[in-house]
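[1] With the sequence up front, the predicted model follows.
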Amino acid sequence: MRLIVSADTHLGSPIRSAALRNLALGDRLKQASRDTFKDIVDLAIVENVDALVLAGDIFDSEFPDLKSRAFLVTQLLRAGDAGVPTVLIRGNHDALLDHTAQGDLGPNIHLLQKNTPSVELGGVAFHGLSFEKAHVSKSFLPDYPAPSPGLINVGLMHTSLGGTHGHDPYAPCPEHDLLAHGYDLWCLGHIHAPFERRSGPVLAVMPGIPQPRHFGERLGGSVAIVTLGQGAPELEWRNVGHLRFVETKVDLTDCTDQQEVLRVLGKALHDAQDPQRDTAMRLRVVTARYTADDLRALANELLEGIDGVYLDKIKTSPPDTPIDDRADDLLRLMREELHEAGFQQASAQVLEDLRSALPARIRDALADDALDDLLEDALTEVSLSLHGMDTQ
Amino acid sequence: MRLNRLDLTRYGRFSDAQIDLPAPTGGTADVTVIYGPNEAGKSTAFTAFLELLYGMKPRDHPYDFRFKRSDLLVGGEIDLPNRGPVVLQRNSKRAQSLLDDQGRPVDETLLTAALHGLGRDDYVERFSLDDEGLRTGGARIASAKGDLGQLLHAGVSGLTSMAGTLDEMAARADKFHKKGGRGTALKLGKDRLTEIGRDLRETRLTPDRDRELGAAVAKALTAFELADADLITARLREAASKAAQIWYDTSKEISALDGALASYPDGPDLRKGAAEQIARLVASTTEKTNRIAEADDNIAAHAAVIADNPPDPAADALAAELAQLDQLTFDGAPLMARATTARSDLGNRISDRDGLRHQIDQTLARLSCSDVPMSSLAIAAHQLEDLAQAAQAVVTAQTAVSSTANAVTSAKKQQGAAPPEPQDLSPLQAAWDRWQTVADLTVQQNAVAVETGRLATAVAGLPTTWSALVDAGLPARETLLEHTQDMLAVTTKRDSAQAELDARDVEYRLAQSRRLADEAGSSAIDAAMTAQARRLRDTAWQTHRATLSVPSANDFEAAMHNDDDAQASFNAGADARGQLATAHRDENAAQVLRDKAQDRLERLNQDRDTLIAQSARLAGSLGLAHDTPAAAFSDRHAALDHAAKSATQLANAKADLETLSDRRSSVCMDLTAAAKLVGIACSKSDLPGHVHAALTLQDSVRQTWAKWDSANQSITELEEIAAQAAADNETADSALTALTATLPVAGRTAQDLIAALPDLRSLQRLHSDHEKISGRIEALKRADAQLCASAVRINTIAPDDDDPNSNPLAVIDQARSRVACANSASLRRGSAQVLHSREVITKRTASDAIQRAQSDLQACFQDQGAQDLLPPARIALLTERDALRADRKRLDAVRTVARTGAKTALFDTELAMLPDAARAAGVQQLLDDAQEIRDRARDAHREAERLYQEAYDASDRSELATEQATLLEELRDGARRAAVARLGVLAAKGALRRLATERRTTMLRDVEKAFVAITDPAWASVDVWSQAEGEKLVGVQPDGSVVPVDMMSTGTMGQLYFALRVAGYRSFARDLGPLPMILDDIMETFDDGRAKASLQLCADIGTSGQAILFTHHAHLVDLARATIDGVTIVDMPS
């Protein structure tokens, strides 16, 4: 039996990137999560798999979005008509899968939950439990059914496992407990970066978010195809998604004029092209001369002639030179200033003033623990601006 | 760092060029003026120096026009601190481009350490100044508005845009967010987010709204279906009413038609197309009758034409002969076409041939060859040209022989007699060259004086035992540095350990107090009491199950309650016990941490004691008191080290002077001996003058001899050329003789042959023309004979009056006319015979057609009445009858269709009501009413569906969600950038305040000194004012009046900028050591007074470090020489 394993599709969730200020790209990607899901169904049909497995967080909406639900049902019925049944569970974002409020999903779509935790398809027993509320702090594993004797057993679980950086604990479950439960395959969801774990013949696969929504999810853009038979499950990865996020480091230290800067930037931007999908690019530029605003203008100029690549953000940093602190008075004195109580109080106030004016959802950008990074950038900014303006 | 020499090995237009920048002697300022006119390469030299320090530009190099970029090479000798002079080279490779004097790679850190990590741009900003920078620097520091920190920073860094930069950063932050700002990016973004949020909420399709809209659609659909059923019923009634009316009206028309048909003849309906067929048959009969009469007339006319055109019996034989004649050709064309012109051309050709023969005879006579056959002198064109070239070669060779003989004679006359040969004075010259290198001892004597002064300066402030300390061996500098760092580190660590111990102690005490508090709390019921309650409950249950009575039930209930209470209490107690266990663990952990901190502090105290003992030992070795702080070790070590090096350098200088003196004596003895060999004997003091005079005289003799020898060599070369010319003449003469050997002109001279060449060329051409025209005459005669023979044969077939031999063309023309007439008659006769046959056939066909038409007419009228009428009238009557019959049939079909299309019951009802004039209007009104009701219901249903679809579609606002996400991302980034800008401004302003405080004492003094010197006598001093917004620099005039910097004139501000840069340089040199300062024609727009003052500032730089001044003004060079004591003047290399 062959399965396509996906999770965390977050249908209806928009992409967060300044790159989408490009009107054509914004229009093209406004339905990116849906378009990617459609691609996954197409892939399931083309690959003639035996089932489509969705390990939670199919939706993203904090409110009922009936159109997204209608879209899901349409696509899963399309897969069912082509002979590909779907097995799925609810994740912490999946209120729209509540059949008591929204009705049944339809034929050939098997939602596994507390009262119906198992289904058998073609000699394979699928087991899964769904989130009944948004936050669950205990492990689901003790409530999973025992393996069905004589069948291949596949588990679906939406879990933060032992905890991952950047994710709150959701239905935490130690990996070794999971792999020792007696199932042959675990299809996991919740962590948006893909990975696999093996223990003997047992495989656990986290397929990753199919359509990354922001730079932090740049490792995603994948689904897994698993073949079950005699011996350990076989795994192959497939790239999906309509937009990928890429970070590239560019060193402009040796560039002595703007032509060379344009050449180096142009090469980096060209290298980022992917014929299969659009690319949102984050540039980390090492320079002692150009500010981020200067470089943004140059990069946007170059991107006029490069299809499929868009600028997400530019961050500059000075070259790593062993400069004698005594030789750069300004930098040395600014660093000394950072340790002054008066400065620390004033900088905290600057941060608080700005933070309080921001919408609540993005106040974390100026959290207190970001102050050290901001100060380092501030010192760089002063040095670059001072030299940049002087050379103009 | 000091630049001692710059090598422009392969760079720009330079090749193996050097610029020497010798260090000053005698304690003068270190200033080098490099002079060169415009385009001499001063900018090239400056760039070369920078590229030596920092590497070459990787591509599009501005100085790779003479040498390829890959071949560029610069170098120089650089005096590095703690290392001394080092020769370095730099090529254009990307890696390992810095090389030593042997071409081996050198680690870049050698230079980066000496440059204190300053980048190329930093170096240019801090350590170079040109006229443009000086003139605009004043204007640019105006934006600082006198701010002391910014001005001092401009002086130190060379950067003048601090105020603008900070203002721009603050403005950038304000653009994102400013309290009360209405047009800020944040405000606009938040407004837009609010709008988006509102739109998303309003357009959201909730389940309740979904159900409400769905119910409205269902209700409207039901109403529509009912109205539609009513409309269908009304339409059926209206259709039945119309059908009944049709039945009624058509029945009346059918009765009228039955009456009319009774007056027409009987018979079946005519078949379709019968009338048209009968008309066609009548017309055809008439047309065929007329055609038979016309055919009879045509047959008679064609018979007459045949009789008038009989055949010619001789025509075929004549045609065959003429065809044979037409096959004959002349010059590729038919013979007949050329016959007339050929006969007349023959005479002209014979006349032309005779003329050519006459010209040939005349030419042969001119060549004196009348008795020679013409063909023997008709030479081919290429042979004729070979002959011409050979004759010309002979003439040219003869001329060369004559001219070279004249040249030899002339050169011998000019050479004259041989002068005396020069003497060999090379030993004397070698001795003289060695003497030149050791003649002057001044440089070495000066060096000893300088080093003596330096040693005195170096030992000032040192104990008198400094020499003994040095001899005993100084501790290594790294050891001192390491010791100082260790001391600092252990002190810092100890302070940190003490602070940690304090903190751990507090944590331990807190944990201890928490544990004591938990111990003091109650743990409630323990496990034994809980087990007892459970046992009592089980016993009560057993009892109740045995008795099943009310009291036992009450007992069991009470026991059950007690058990529940006990269980609850136990659970509560379990929490308290768990908390106490945690408190114990916390206390133990805190105690362990506190003990570890204590141990660490004690270890660090021991380390510190060890280091203090080491400090005392090191202080003794440096001649310092045992309790001297370690921070002072480095300066004392440097002073002792400097003194030791100075002493070594003085000893070296003295040794150099002594060596040179010894060598001078030895060389003087060699020179005296060499002079004696050539006969010079004099006192030691006069010896150099005599030797110089003897060497000069010998140079003159050598030049005269060389000139005579050169003339002799020229004569020899001319004689060789004359011999070669004679040989060439002989070769050319032999070649000409060989060419003419077989010709009637053999033995004639080259000049005669050149004169005869035009006649030989003419004779060759005339001979060719004569041969061509003779051939043509023979061809014409053959063609005329063929023509006459053909005419004789034609005359035999058809005899004529003309003579075929004298006039063959007339005979042939007559035969052609006769053949043409016979052909024409034959064509007319054949055509008439064809037309005659065709008319006979036409007549027969027309008779057959008339018989078939009569037969068809009889068939068409079969079984029909009215036989007495002619066919046209008869068919018209029968057609009228059939039309009436068709109308009746159509009407019957119409009423049948109307009846069958209606509901039977409704039809019968409506038919029974006819005739009724108002019935149709009533039925239509019912239908209109039903239609209107149905349409309204349909529209209502469509509207309900539209509303549902609209709400459904509107719920998909992915473009708004995308915009919302993008906007939030932009605001997140913008907030971060605004915070960075604000924090940057905050830090920079604080740093500038610190800079002002830190440099106030030293830099202000230097600024004042430089400013007063360059502006003398306009300004007396500078001062600092404290104001609410910070400290400001002001200028003080001689009368005591004070002028803020931002109120000074532009020129004065420029002078202040220069003063700040000089002070900045001194400050840097004082803290970190000097680096070369490059000044590029900074005084080209100054008058002499200001230029002199500026040069004094350059000297000021030279006393702190190294000043290199490029200029293309000769008067500035003179001024520098007069102003700066000990200045070095260097010309740019060519």
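    Cool, got the structure. Residues are numbered from 1 along each chain as shown, chains lettered A, B, ... in the order given.

[2] low-confidence ranges in the stretch 1-150 of chain A?
    A:61-65, A:95-96, A:99-102 (pLDDT under 70).

[3] Ramachandran angles for residue 10?
    As the question left the chain open, I've gone with chain A. phi 50, psi 60 (degrees, to the nearest 10).

[4] right idea, wrong chain: chain B
    phi -140, psi 90.

[5] How about the one 5 residues further on?
    With angles defined as degrees, to the nearest 10, B:Ser15 sits at phi -140, psi 120.

[6] From the centroid of chain A, which residue is nearest?
    A:Glu217 (2.2 Å; CA atoms, centre = their mean).

[7] which residue packs closest to it, ignoring adjacent ones?
    The shortest distance from A:Glu217 to any non-neighbouring residue, by CB to CB, 6 or more residues apart in numbering or on different chains, is to A:His192 (4.8 Å). Backbone N, C-alpha and C define where each C-beta goes, glycine included.

[8] B:Asn795 too?
    B:Pro804 (4.7 Å).

[9] near chain A, which residues of the stretch 151-300 of chain B show up?
    B:153, B:156-157, B:159-162, B:164-166, B:168-169, B:177, B:179, B:186, B:190, B:193, B:204-207, B:210 (CB under 8 Å from any CB of the partner chain).

[10] Just the buried ones out of the residues you listed, please.
    For those, a burial check counting by 16 or more other CB atoms under 10 Å in any protein chain shown picks out B:153, B:156-157, B:159-162, B:164-166, B:169, B:177, B:186, B:190, B:193, B:204-205, B:210.

[11] Which strands and helices lie in contact with the host helix or strand of B:Asp230?
    For B:Asp230, the element it lies in under DSSP states H and E is helix B:207-261. The contact analysis (3 or more CB pairs under 8 Å, 6 or more residues apart in numbering or on different chains; DSSP states H and E) places helix B:207-261 against helix B:871-900, helix B:904-912, helix B:919-954.

[12] Quick check: what element follows it along the chain?
    According to DSSP H and E, the helix or strand after helix B:207-261 is helix B:274-307.

[13] So what touches the helix or strand just after that following helix?
    Sequence order places helix B:315-326 as the next helix or strand after helix B:274-307, per DSSP H and E. Residues from elsewhere that reach helix B:315-326 (CB atoms under 8 Å, 6 or more residues apart in numbering or on different chains): B:334-336, B:790, B:793-794, B:797-798, B:812, B:815-816, B:818-819, B:822-823.

[14] Now rank those residues by neighbours and give me the top one.
    B:Ala815 (26 neighbours; other CB atoms under 10 Å in any protein chain shown).

[15] what angle sits between whichever strand or helix holds it and helix B:871-900?
    Assigned by DSSP H and E, B:Ala815 falls within helix B:808-860. Here helix B:808-860 runs at an angle of 60 degrees relative to helix B:871-900 (axes from the mean of the first three to the mean of the last three CA atoms, to 10 degrees).

[16] ok, B:Arg494 - contacts?
    Here B:Arg494 is in contact with B:Leu601, B:Leu604, B:Asn605, B:Arg608 (CB under 8 Å, 6+ apart).

[17] Tell me how far it lies from B:Gly138.
    52 Å (CB to CB, to the nearest Å).

[18] Next, count neighbours for A:Leu156.
    27.

[19] give me the number of residues near the nearest residue to it once chain neighbours are set aside?
    Sequence neighbours aside, A:Gly128 is the residue nearest to A:Leu156 in space, at 3.5 Å (criterion: CB to CB, 6+ apart). Residues near A:Gly128, counting by other CB under 10 Å, number 29.

[20] Tell me which residue in the stretch 651-800 of chain B sits closest to chain A.
    Closest approach between the stretch 651-800 of chain B and chain A, counting by CB to the nearest CB: B:Asn652, at 31.9 Å.

[21] ok, now how distant is that residue from B:Arg338?
    B:Asn652 is 120 Å from B:Arg338, by CB to CB.

[22] and what of A:Pro85?
    Counting by CB to CB - A:Pro85 and B:Arg338 are separated by 103 Å.

[23] and if you look at B:Asp486?
    Counting by CB to CB, the gap from B:Asp486 to B:Arg338 is 130 Å.

[24] picking that back up, pick the one among the contacts of B:Arg494 closest to chain A.
    B:Leu604 (23.3 Å).

[25] How about the secondary structure of the closest residue to B:Lys57 other than its chain neighbours?
    Nearest non-adjacent residue to B:Lys57, counting by CB to CB, 6+ apart: A:Thr256, 5.2 Å away. Classification of A:Thr256 using DSSP: H, G, I helix; E, B strand; the rest coil returns coil.

[26] ditto for B:Arg782
    Per three-state DSSP, B:Arg782 ends up helix.

[27] hang on, A:Leu52 in a helix?
    No - assessed with three-state DSSP, A:Leu52 is strand; it does not lie in a helix.

[28] So for chain B, the centremost residue is which one?
    With CA atoms, centre = their mean applied to chain B, the nearest residue to centre is B:Asp60, 14.6 Å.

[29] Quick check: that one is in a helix.
    No - the assignment for B:Asp60 by three-state DSSP gives coil, which leaves it out of any helix.

[30] rewinding a little: please report how far the residue nearest to A:Glu217 lies from A:Ala55.
    Applying CB to CB to A:His192 and A:Ala55 gives a distance of 12 Å.

[31] overlap in contacts of these two?
    With CB under 8 Å, 6+ apart, A:His192 and A:Ala55 have common neighbours A:Asp8.

[32] For the residue of chain B found nearest chain A, which phi and psi angles does the backbone take?
    Residue nearest to chain A within chain B: B:Gly117 (3.2 Å; CB to the nearest CB). Dihedral pair for B:Gly117: phi 80, psi 0, per degrees, to the nearest 10.

[33] Tell me the confidence at it?
    Note on B:Gly117: pLDDT of 80.

[34] Same check on A:Met389?
    A:Met389 is given a pLDDT of 42.

[35] Please apply the same query to B:Ala944.
    pLDDT, read off for B:Ala944, is 92.

[36] re the thing from before, any chance of the contacts of B:Arg494 in a markdown table, plus secondary structure and pLDDT?
    As requested, these are exported to a markdown table (DSSP: H, G, I helix; E, B strand; the rest coil; pLDDT from 0 to 100):
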| residue | secondary structure | pLDDT |
| --- | --- | --- |
| B:Leu601 | helix | 90 |
| B:Leu604 | helix | 90 |
| B:Asn605 | helix | 89 |
| B:Arg608 | helix | 88 |
